[in-house]
Structure formats: structure tokens, C-alpha cells
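Student: the following comprises the amino acid sequence and a computationally predicted model.
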Amino acid sequence: MQSYIIRRLLYFIPTLILISVISFAIIQAPPGDFVTTLAVQMEARGDQVDEDLINALRARYGLGKPLWQQYLIWIGNILQGDLGVSMAYNQPVSRIIMDRLPWSLLFSFSAFIIVYSIGFPIGFLSAVRQYSILDYVLTFTGFIGLATPNFLLALVLLWVYFEATGQALVGIFSVEYAVASWSFGKFFDLLNHLWIPALIIGTAGTAGLIRIVRANLLDELKKLYVTTARAKGVSEIRLILKYPVRLAINPVISNIGYVLPALISGEVITSIVIGLPTIGPVLLRALQTEDMFLAGSIVLILSVLTLVGTLVSDLLLAVIDPRIRHGV
Amino acid sequence: MNSDSSPNREWLIDIKDLHVTFSQDDKTVNAVNGVDIRVHKGEAVGIVGESGCGKTVTSYSLLNILPLNGRIVSGEVRYRGGNGSIIDITKLNPRSREMRKLRGGEIAMIFQEPMASFSPVHTIKDQIAEGILLHQPPKDKKVREKIIEYLGMVGISNPERAIDAYPFQLSGGMRQRAMIAMALACNPKVLVADEPTTALDVTIQAQVLMLIKEMQQELGLALVLITHDLGIIAHMADFVYVMYLGRVVEKGPVATIFDSPKHPYTRDLIRSIPKLDRPEKRLATIQGNVPDASRLPSGCAFHPRCREIIGEICRQTEPVLEEVEADHFAACFLHSPKREIEPGTGESEIVQQPQ
């Protein structure tokens, strides 16, 4: 088991190198660079574009050099712990990320909890009562959840909340707590602002999980070992929880690795609509302005999260499934 | 040895006029159409027939574990409990406590595929202990010791280690032995074995069958053996029921069935057993295929495939089981006085051979 974990961690290195090369190439693929974008923006505002300033910026960020040199410089700095400076924000990338990543993780984690605590029981009920009215209602609701765009749901919920309470649920704190120091009041205010975005971010994931759990459980319920347990005289609810649920859980766990990055990238639109200080909108802006260092760093961090997520789900699988543990 | 005609022997299971249907994509499949089967204490009853003849469905009805789309339409499945009380299983709610007490505790089942019949992620101990704890929670001995005892009894070497194994860590034969141990561990009165050796290697088949026979005799169990293999029936059963399309077409003591089969279907089945002493170029087969059970043929269900068809009577009238000799019954007009009612056609017709 230990050697397995070490081997898996070693695999991270080539994977990350590959991801960094690909993301660097894609971010740099559009014609021009950050300075070109900046110059266009300045022209659009009617400002004078100073050639000297442009050249000075290019020299400062090393944009004039060949791509492979730029890449090596970027990676070299990252290995020394320097993520570089965001050209768009004119701030160290690490500070931007540290300001926003915790919020992203908080929202994603809340959404994650919502996805599993709602999706799993609903998928379970839907499968155990297949083709019942309950199943149809739950499946229908699930499909609506899957099909509704996040931004629309966000707008609708904001409107409903505003109609009901007279307050706009924008940002992460209410006005009175925004600059206040931490207190119970501020904490509850945060919780209050947390659940709606988390629900919105988690909707599609919940609906997807319902489908996965339902389909897997239906497959398992037909298996012969369920009949065997029934023939032993085990009660229906006990045998379903002990056997098919235990086996249907495998695909759900292997899904965890993909849920993490999906949640983080899924919060972009919701964050823009609700005005959340998370990392999604920053990534969008960095990509639009070709802010290489910022965008590249965020993509790398998301990749690491994905890799860690898949490792965690693989380890969990080995823990719960003896076939994987014993290498069958 | 068996029979309806010897009322002094007490039956354990009495199936009367059982009808089971399945609903499949708006169609109704008549899986079992009026079956009578009686199993006596300590007796080995064989149910034989091609796939789709309703033999497995009949065995599932014994435990009331039909799939959700299956339904017992009419008939009785009576079980005589230890205190002499008679329970009609078809009247019990499949999920009721009474039904679950019978399953495993009174009537235990061995399934066809030992790999698929065990949960792959639970240990042998876990799965055997489940039944013991439900039906026979031991007072003096620990559950673990009891399981080891049973695993040893069914011939698993090193039961102390096998008990903690997962099913995939055992060989196919060992798995089926563990399955037998699981069925026996709750001291049932009846053992139902549904094609217990079909999924096993030929060399292992004989060993497992021997084991089942031994256990049956040692523990005085009634055995219901379901198989498509008449060779197995010959070695294992005392009394045989031959099923075709959800009906019993012939029944009798095993020796009588093999010595003088009366129903053309049984004759065909026996003819298709490969014989070592008579090398044949081609295996004998039964002409045609088993018809779709949702559109049963009129009259005798076997008439489209029958090589000894008499005439219109076979196409129009459904034959019933009639005693052809002591204890031996067949549902065929060849042996029925009713045959005389239809003098018109007289001689046997040649049926068109489907090519």
C-alpha cells in the first residue's frame, strides 16, 4: 500500500509537467500577448499608447523572448516558490490566489457536501422505488436541475430571496459585517450567504450524482448475490444497504476526483452573478487578458487538486473494495 | 418410493396447480402453467427440462423470491412446518417476517453461479454468519467456530483460512462448497439446488454433486434438484418431474423414467444424452426450438416439436397427466384412452422437419 502511494505520487511529476506545457501553450496560443491586449484597451479608452512603455513592459515580463525560454523562466520561478506577478492586477500572483482560493475551497466544499448529501439519498430512493411516482418526480426534478444553467438559477434565487427578505444576497457578507471583525453574528451572516451559492454551484453535480447512483444501484439490485441474500431470509432494507449499496458506491467514489475541479471551475458564472470573491472570475479575466502568470498558476493549482482528488478516490476505493486491494 | 399413492409418507412441500406469469414489455409470459410437485421428507426430487421450461421459476416460488415483474397468479405452495402446521407460501407477503423465517431457516437454496451468488466485497465468514445469526444464533459455540465446522464438513481444506477469504480468492469448486456450507449452516429441512454445477469444471461437477448427495443423506434433508442434465438426475434423484413450457409432462420414480419414458419429450431428452459406449457422429437433438412462452402453442405445448404426433387431438386438446403405470404419470395422448375418441386420422403423421 505504501509503495503504491509513493508510486502514485511520483506519477504526479510527469503529469504536472505535461499539464504545465499544454496550459502554457494554450494560453499563449492566441495572437499577441498581454501587452498587446493592454495597448488595445488603452487605445479603446482613447489613451495615448506610449511605445517606450510597451517595450519596457515587454522587457520586464520577458515577453519578447522565444516561447520555450518564457516557459522555462516561468517554471524555474515556480520551482523556486515564485509564482510571478500578475500583469493585469499588478500584484504578486501568490497574493491574489491566497486571497481568493480559501473562499473558492469553502464554496466548493459546501457545494460538495450538498451534492452528496442530497444526490445520494435521492438516487437511492429513485432506484429502490424504480418506476414509482416518487422515482418519476425525483428523476424529473433531477433533469431540471441538470438542464438549468447556473446563472439563471442564481438570478432566480437572488430575486426570490430579495422578494422574500428585502435584502440583496450579493457578495459574501452583508454590508454591516463586511469590514467588521469575526463574531458569531458575522459567522452566521457568512453561513446565510453560503448556502444559496453552494446550492447553485452544486445543482448540476447533484443531478448528475442522482443519475449515477440510480443507474449503478439498479444494476446491482439485479445481481444474483442480492437474490442469495434474500434467500437467506435477510430483510429487504438490510440486504439492500449491506450489498448493492456497498457495490454501487464504487463509481460514486471514483467520481470524487473529478467533482473537485468541476466544482471550482463551475463556480465562475455563479461567482460573477452573485459577486463572490472566489478564484473563478479571476481565472476568466486572466485568460481574457492573456495574463500568463496568473492564468497558468491557477490552472496548475486546479490540476494538482484534480490529481490529489483522483488519488484520494483511488485510495478510498482500495479501502472499501477488497478486489482492488488484492489486485484482482 | 415416492408418491401421491402412498399417503402414509409425509410431504414437506406440496405445490398445487401453480401458475406464475412475468410481465415483459407489455407482454405476459406464462412461465409456469399449473404445476403440481410434491416433495417428501428426506426425498431427492429432480426437476428437469430445457432452459425456459419454468423450473427455476418454480424453485423461486418455493421461497417467494420471484423478481418484481413475476407474479404467482394462482395455486398453492404449501410447506409443512416442524410443529405440523401447514403454511401456504403463496399467501405470505414476500417481505413478511414469516416468509423470511422460512427462507434459509427451513428451505435453503444453492444457486447456479457461485461467483455471482456471493457478494465480492464481503468475506465468506460475513456472508455465512448472516444466515446463522438470523435463524440459529448459537448459544454455546461462537459463530466463527460453527462456520469453520461447516466449511470443514463440505470439504474445504484449511477452513480456518478460507473463512476470512473473499469469494474471489477461492476456486470455483471451493466457492460452491462454501455456498453449500452457507445453505446447510442454518439447519434447513429442504435444500433447493438450482443447476448447482452448471458453472463448474466437469471434473469438479461430480465432486460437488457427491457432496450434495452426501449432505442430503447425512442430514436427512429433502432435496429439490433443478437441472437440464438428465445424467445428473439419474445419479441424484429418487423421483423425477420432467417440465416443458411451464407444465409437468411426465413424472415418476427415476428408474421408471429412464427404463420406460412415456412422453416423447422425455424420450428425446434421454436420446440426447451423449453415450460413451455408442460413439455417434452427431449428438441427437430435439427438433426445433423452445417456443416463445408468451405465445404458447395450442393443445399439447410440445406438438410443434413432437416426433410422435398423433394428429388433430395434439393440436387442439391439452393432455393432462394420467397414470401409465404404478406411480408413473405422463401427459400425452399416446398413452391416453382419449386417443380412441379421434379415429379419423388414425396413423401417425410425419411432421415437417424444420430445416
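Tutor: Done, it's in.
Student: before we move on, what SS does the most centrally placed residue in chain B have?
Tutor: Against the mean C-alpha coordinate of chain B, by C-alpha atoms, centre = their mean, the closest residue is residue B:226 at 2.7 Å. Following DSSP: H, G, I helix; E, B strand; the rest coil, we place residue B:226 in the strand state.
Student: ok, it - contacts?
Tutor: Contacts for residue B:226 (C-beta atoms under 8 Å, 6 or more residues apart in numbering or on different chains) come out as B:46-48, B:55-56, B:58-59, B:192-195. In short, each C-beta sits where N, CA and C put it, glycine included.
Student: could you look up the SS state of the residue of the stretch 51-200 of chain A found nearest chain B?
Tutor: Closest contact between the stretch 51-200 of chain A and chain B, by C-beta to the nearest C-beta, is at residue A:130 (8.4 Å). Under three-state DSSP, the three-state class of residue A:130 is coil.
Student: now swap in residue B:14 and tell me
Tutor: Strictly by three-state DSSP, residue B:14 counts as strand.
Student: can you report how many residues lie near it?
Tutor: The number of residues packed near residue B:14 is 18, by other C-beta atoms under 10 Å in any protein chain shown.
Student: isn't it up against residue B:40?
Tutor: No. Checked against C-beta atoms under 8 Å, the pair residue B:14 and residue B:40 is beyond contact range at 9.6 Å.
Student: what's the burial count for residue 112?
Tutor: No chain was given, so I picked chain A. By the criterion of other C-beta under 10 Å, residue A:112 has 19 neighbours.
Student: my question was about chain B, not that one.
Tutor: Every residue meeting other C-beta under 10 Å relative to residue B:112 is counted, giving 20.
Student: so it is in which element?
Tutor: Using DSSP states H and E, no element contains residue B:112; it sits outside every helix and strand.
Student: and for residue A:198?
Tutor: Counting by DSSP H and E, residue A:198 is part of helix A:184-221.
Student: and that helix, anywhere near chain B?
Tutor: No. Judged by C-beta under 8 Å from any C-beta of the partner chain, helix A:184-221 stays clear of chain B, getting no closer than 9.4 Å.
Student: SS state for residue B:274?
Tutor: At residue B:274 the chain is in coil, as set by three-state DSSP.
Student: which ones are touching residue A:193?
Tutor: By C-beta under 8 Å, 6+ apart, residue A:193 lies in contact with A:169, A:171-174.
Student: of those, which are in range of chain B?
Tutor: Among the contacts of residue A:193, no residue lies close to chain B (C-beta under 8 Å from any C-beta).
Student: low pLDDT regions in the stretch 201-350 of chain B?
Tutor: Applying pLDDT under 70 to the stretch 201-350 of chain B flags residues B:278-280, B:338-350.
Student: what count of nearby residues applies to the residue of it found nearest chain A?
Tutor: Closest contact between the stretch 201-350 of chain B and chain A, by C-beta to the nearest C-beta, is at residue B:224 (13.0 Å). For residue B:224, the neighbour count with other C-beta under 10 Å is 27.
Student: bridging residues for it?
Tutor: Judged by DSSP bridges, the bridge partners of residue B:224 are residue B:45, residue B:192.
Student: pull out the buried members of the contacts of residue A:193.
Tutor: Buried members of the contacts of residue A:193, counted by 16 or more other C-beta atoms under 10 Å in any protein chain shown: A:169, A:172, A:174.
Student: which helix or which strand is home to residue B:125?
Tutor: Using DSSP H and E, residue B:125 sits in helix B:124-135.
Student: restrict that helix to CA atoms and write it as PDB.
Tutor: What follows is helix B:124-135, C-alpha atoms only, in PDB (Å, rounded to 0.1, in the frame of the first residue of the first chain):
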ATOM      1  CA  ILE B 124     -17.100 -15.800   3.400                       C
ATOM      2  CA  LYS B 125     -17.500 -15.500   7.200                       C
ATOM      3  CA  ASP B 126     -19.600 -12.400   6.900                       C
ATOM      4  CA  GLN B 127     -21.900 -13.900   4.400                       C
ATOM      5  CA  ILE B 128     -22.400 -17.300   6.200                       C
ATOM      6  CA  ALA B 129     -22.700 -15.700   9.600                       C
ATOM      7  CA  GLU B 130     -25.600 -13.600   8.300                       C
ATOM      8  CA  GLY B 131     -27.900 -16.500   8.000                       C
ATOM      9  CA  ILE B 132     -26.700 -18.200  11.200                       C
ATOM     10  CA  LEU B 133     -27.400 -15.100  13.200                       C
ATOM     11  CA  LEU B 134     -30.800 -14.700  11.700                       C
ATOM     12  CA  HIS B 135     -32.000 -18.300  12.100                       C
END
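Student: close to chain A: what parts of chain B are there?
Tutor: Residues of chain B lying close to chain A by C-beta under 8 Å from any C-beta are B:63, B:65, B:95, B:100-105, B:108-109, B:111-113, B:116-122, B:130-131, B:134-135, B:166, B:168-169, B:182, B:186.
Student: return the subset of the residues you listed lying in helices.
Tutor: Of those, the ones assigned to helices by DSSP state H are B:63, B:100-102, B:116-117, B:130-131, B:134-135, B:182.
Student: sorry, back to before: can you flag the buried ones in the residues of chain B next to chain A?
Tutor: Buried subset of the residues of chain B next to chain A (neighbour count, 16+ other C-beta under 10 Å): B:63, B:65, B:100-105, B:108-109, B:111-113, B:116-122, B:130-131, B:134-135, B:166, B:169, B:182, B:186.
Student: what residues are up against the residue in the stretch 151-300 of chain B positioned nearest to chain A?
Tutor: At 4.8 Å from chain A, residue B:166 is the closest residue in the stretch 151-300 of chain B, using C-beta to the nearest C-beta. By C-beta under 8 Å, 6+ apart, the contact set of residue B:166 is A:322-323, A:326, B:120-124.
Student: alright, I will stop here.
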